[in-house]
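Colleague: let me see the structure of the following:
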Amino acid sequence: VVRPKKIGVLSQDQYAFDAFRVIDTVIMGNKPLWAALAERELIYEKPEMTDEDGSRLGELEGIVGEEDGYEAEANAAILLQGLDIADELHDRKMSELQGGQKVRVLVAQALFGEPQALLLDEPTNYLDLDSILWLQDFLVRYNGTLITISHDRHFLNSVCTHIADIDYETIILYNGGYDDMVEQKTAIRSRIESQNEQREKKIAQLNDFIARFSAGTRSSQVNSRKKEVERLATTELARSNIQRPYIRFEQKRPSGRHILEIEEVSKAYEKKDGSPLRVVDKFSASCLRGDKIVLMGRNGQGKTTLLKALLANAPGVDETDVSVDSGLVKWGHEAQIGYFPQDMKASIEMGMTVNDWLHQFDEDATKEDIRGILGQMLFKGEEGMKMTDALSGGEAARMLFCKLMLQKPNVLVMDEPSNHLDLEAINALNLALQKYEGTVLLVTHDLDLIEEVATRIWHFEGGPGDFRIEDFKGPYSEYQLQMAAAK
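Modeller: Purely as a prediction, here's the structure:
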């Protein structure tokens with residue numbers, strides 16, 4: 001493996017830098033610069049400097065100058081601002097940040113110092129849409145080589161010039177983005193399968209001739225056909241190792257036309273110092289059956305808080321942390337709510353088998369019914385006997401989809417359901433939500449889901465003290481046009 005001297009790598013350990021300031025963690029992305037700055041600091045801390053120290057300081061200052069060290073904090077701050085890490089957090093310790101904020105700092109670290117190559121493993125995880133679009137724009141303009149792993153189709157289509165597809169027990173490099181790869185891959189596979197089919201037909205004809213005349217006088221013709229069969233022998237095609245779940249949301253019965261009325265709803269939560277922080281302030285809206293509403297906005301602007309306020313008196317929802325401070329939430333006639341929380345594992349009871357946990361949500365379902373739904377969501381064979389304590393993040397998400405498919409609600413309330421899903425599962429979720437005939441309230445940062453599912457946008461803007469939600473009755477493409485016209 002031949003690689004350049006400077007490589008930016010997205011660290012997977014959120015806790016490795018807890019003892020360091022946020023701004024210093026970013027600067028550590030340029031290892032030669034950080035080593036020079038740290039050594040320079042040690043020399044300056046000495047009570048007396050030797051001639052050797054003075055000479056070494058000169059060398060270190062040279063390295064700092066070559067690596068743009070005198071602008072390091074300013075350059076790091078620009079990256080952090082683009083990724084929505086506020087200026088007041090830059091001097092804080094990493095240990096004081098939330099998990100999603102730490103990930104954004106580590107993205108900034110990988111990008112810092114103009115590396116010649118970037119290795120980014122799922123860089124859009126835990127980023128809000130504004131941060132994803134900023135990163136996307138940064139990478140499009142980036143002059144070096146990028147190798148990334150991602151389950152975000154829009155991100156791959158926007159950033160990548162090639163896709164290395166790991167499938168059929170090999171790796172094939174395709175030109176273009178993800179959609180280009182799917183098109184080329186499908187065409188190539190269809191052509192190979194068609195060629196194999198034609199060869200098999202020809203082999204069958206030749207074998208028929210061999211069987212009819214092998215005992216006769218036409219031995220030379222039989223032998224030539226045997227050689228032809230050997231030449232044409234089809235190689236068995238490797239099977240795809242990509243698994244595609246099948247998601248289908250149905251309703252037991254449709255709801256009334258007016259599904260939800262929200263009147264002057266307010267909700268605050270408690271800060272670390274005990275004081276209240278209001279994030280939803282006197283929000284009102286009226287929702288009709290079949291609305292597919294996407295809640296958009298930066299992290300921490302109150303999207304989850306609003307969902308939980310709306311679920312405070314929702315029929316069939318027994319979550320413990322849902323409440324509203326003031327205002328009124330009225331669910332319509334025959335409303336049946338299916339809820340997918342952001343904290344998935346907290347809503348799955350531990351100490352049960354997957355089968356037993358799911359059976360609670362449809363006691364009339366047979367073992368075959370549950371096994372069938374689990375099979376659709378890629379739980380194979382005896383995996384229904386797996387304990388809920390042992391589920392991975394992706395398995396927990398697929399379990400919740402199984403629950404919703406058993407419940408057959410007429411309202412789906414989903415808080416970032418595409419977290420922990422691979423690309424095939426996100427595509428399956430996208431199609432299922434488009435086809436679903438009920439009402440959807442969806443928090444997501446996945447641009448394809450926003451563009452292809454939403455019929456209405458609730459855009460969260462501002463923040464505490466300047467809170468507002470813009471309620472746009474139309475798809476995201478029309479909302480974008482309105483925002484562009486307003487600028």
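Colleague: quick one: classify the residue most central in space within the chain as helix, strand or coil.
Modeller: In the chain, the residue lying closest to the centroid (C-alpha atoms, centre = their mean) is N419, at 4.8 Å. At N419 the chain is in coil, as set by DSSP: H, G, I helix; E, B strand; the rest coil.
Colleague: gap between it and Y142?
Modeller: When C-beta to C-beta, to the nearest Å is the yardstick, N419 and Y142 sit 26 Å from each other. All C-beta spots, glycine's among them, are computed from the backbone N, C-alpha and C.
Colleague: buried residues in stretch 151-165?
Modeller: Buried residues in stretch 151-165, defined by neighbour count with 16 or more other C-beta atoms under 10 Å: 151-160, 163, 165.
Colleague: so which of those residues belong to helices?
Modeller: 153-159 (DSSP state H).
Colleague: export these to CSV and append columns for distance to T353 and pLDDT.
Modeller: As requested, those are exported to CSV (distance: C-beta to C-beta, whole Å; pLDDT from 0 to 100):
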residue, distance to T353, pLDDT
R153, 34, 94
H154, 37, 95
F155, 37, 96
L156, 37, 96
N157, 40, 96
S158, 42, 96
V159, 42, 97
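Colleague: between those, which sits nearest E169?
Modeller: L156 (22.4 Å; C-beta to C-beta).
Colleague: shouldn't the closest one be in contact with A164?
Modeller: No - here L156 lies out of contact with A164, judged by C-beta atoms under 8 Å, at a distance of 11.3 Å.
Colleague: just to revisit the earlier point, just send the ones in helices among the buried residues of stretch 151-165 back as TSV, with distance to Q434 too.
Modeller: Formatted as TSV, these follow (distance: C-beta to C-beta, whole Å):
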residue	distance to Q434
R153	14
H154	16
F155	20
L156	20
N157	18
S158	21
V159	25
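Colleague: which two of these have the greatest separation?
Modeller: R153 and V159 (11.3 Å).
Colleague: list the contacts for Y476?
Modeller: 294, 450-451, 454, 457 (C-beta atoms under 8 Å, 6 or more residues apart in numbering).
Colleague: same deal with L391?
Modeller: Counted by C-beta under 8 Å, 6+ apart, L391 has contacts 345, 348, 354, 399.
Colleague: spatially nearest residue to the second one (excluding sequence neighbours)?
Modeller: Read it as I348. Sequence neighbours aside, T388 is the residue nearest to I348 in space, at 5.2 Å (criterion: C-beta to C-beta, 6 or more residues apart in numbering).
Colleague: neighbours around that neighbour, how many?
Modeller: As a burial measure, T388 scores 19 neighbours (other C-beta atoms under 10 Å).
Colleague: report all helices and strands that the helix or strand where C402 lies contacts.
Modeller: Assigned by DSSP states H and E, C402 falls within helix 393-407. Counting contacts by 3 or more C-beta pairs under 8 Å, 6 or more residues apart in numbering; DSSP states H and E, helix 393-407 packs against strand 337-340, helix 354-359, helix 367-376, helix 423-435.
Colleague: now do 7 Å
Modeller: strand 337-340, helix 354-359, helix 367-376 (3 or more C-beta pairs under 7 Å, 6 or more residues apart in numbering; DSSP states H and E).
Colleague: before we move on, the earlier item: do I have it right that the residue nearest to I348 meets N355?
Modeller: No - assessed by C-beta atoms under 7 Å, T388 is found out of contact with N355, at 10.3 Å.
Colleague: which residue ranges of the protein form strands?
Modeller: Secondary structure of the chain by DSSP state E: the strands cover 7-9, 117-121, 145-149, 162-167, 170-175, 258-270, 276-288, 292-296, 326-331, 337-340, 411-415, 439-443, 456-463, 466-472.
Colleague: got those strands as TSV, with mean pLDDT and distance to M405 columns?
Modeller: Formatted as TSV, these follow (pLDDT from 0 to 100; distance: least, C-beta to C-beta, whole Å):
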stretch	mean pLDDT	distance to M405
strand 7-9	94	39
strand 117-121	95	31
strand 145-149	96	29
strand 162-167	94	27
strand 170-175	94	33
strand 258-270	90	20
strand 276-288	88	23
strand 292-296	97	18
strand 326-331	93	22
strand 337-340	94	9
strand 411-415	96	11
strand 439-443	97	15
strand 456-463	89	24
strand 466-472	88	30
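Colleague: nearest to A16, out of the ones you listed?
Modeller: Closest to A16 of these, according to C-beta to C-beta: strand 7-9, at 12.1 Å.
Colleague: so what touches that closest one?
Modeller: By C-beta atoms under 7 Å, 6 or more residues apart in numbering, the residues outside strand 7-9 that reach it are 29, 110-111, 115, 117-119.
Colleague: possible to save those as JSON lines with neighbour count and distance to E41?
Modeller: JSON lines is the format used below for these (neighbours: other C-beta atoms under 10 Å; distance: C-beta to C-beta, whole Å):
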{"residue": "G29", "neighbour count": "24", "distance to E41": "18"}
{"residue": "A110", "neighbour count": "21", "distance to E41": "24"}
{"residue": "L111", "neighbour count": "25", "distance to E41": "24"}
{"residue": "P115", "neighbour count": "21", "distance to E41": "24"}
{"residue": "A117", "neighbour count": "16", "distance to E41": "29"}
{"residue": "L118", "neighbour count": "20", "distance to E41": "28"}
{"residue": "L119", "neighbour count": "17", "distance to E41": "29"}
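Colleague: dump these to TSV, plus distance to G384.
Modeller: Converted to TSV, those look like this (distance: C-beta to C-beta, whole Å):
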residue	distance to G384
G29	45
A110	40
L111	44
P115	46
A117	44
L118	41
L119	38
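Colleague: return the member of those nearest to G381.
Modeller: L119 (35.8 Å).
Colleague: wait, the closest one sits on T145?
Modeller: No - judged on C-beta under 7 Å, L119 makes no contact with T145 at a distance of 9.5 Å.
Colleague: hey, which helix or strand in this protein has the poorest pLDDT?
Modeller: Every helix and strand of the chain was ranked by mean pLDDT, DSSP states H and E. The lowest is helix 219-232, at a mean of 78.
Colleague: how about S392: what's its closest non-neighbour residue?
Modeller: Distances taken as C-beta to C-beta, 6+ apart put H420 closest to S392, at 7.8 Å, once the chain neighbours are dropped.
Colleague: what is the neighbour count of that neighbour?
Modeller: Close neighbours of H420, defined as other C-beta under 10 Å, add up to 17.
Colleague: count of neighbours near S323?
Modeller: Per other C-beta under 10 Å, the neighbour tally for S323 reads 13.
Colleague: look up how far L295 lies from it.
Modeller: According to C-beta to C-beta, S323 and L295 sit 18 Å apart.
Colleague: mind listing what S275 touches?
Modeller: Contacts of S275 (C-beta under 7 Å, 6+ apart): none.
Colleague: for it, give me the pLDDT.
Modeller: Note for S275: predicted pLDDT of 75.
Colleague: and K31, by the same measure?
Modeller: Looking at K31, its pLDDT reads 91.
Colleague: who touches stretch 322-338?
Modeller: With contact meaning C-beta under 7 Å, 6+ apart, stretch 322-338 is reached by 252-253, 255-256, 258-268, 282, 308-317, 404, 407, 409-413.
Colleague: what's the answer for stretch 289-305, then?
Modeller: Applying C-beta under 7 Å, 6+ apart, the contact partners of stretch 289-305 are 84, 100, 128-130, 254-257, 259, 267, 269, 279-280, 287, 306, 342, 415, 433, 437, 439-444, 450, 453-461, 463, 467.
Colleague: buried ones among the residues you listed?
Modeller: So, by 16+ other C-beta under 10 Å, the buried ones in the contacts of stretch 289-305 are 84, 100, 128-130, 255, 259, 267, 269, 279-280, 287, 306, 342, 415, 433, 439-444, 450, 453-454, 456-460, 463, 467.
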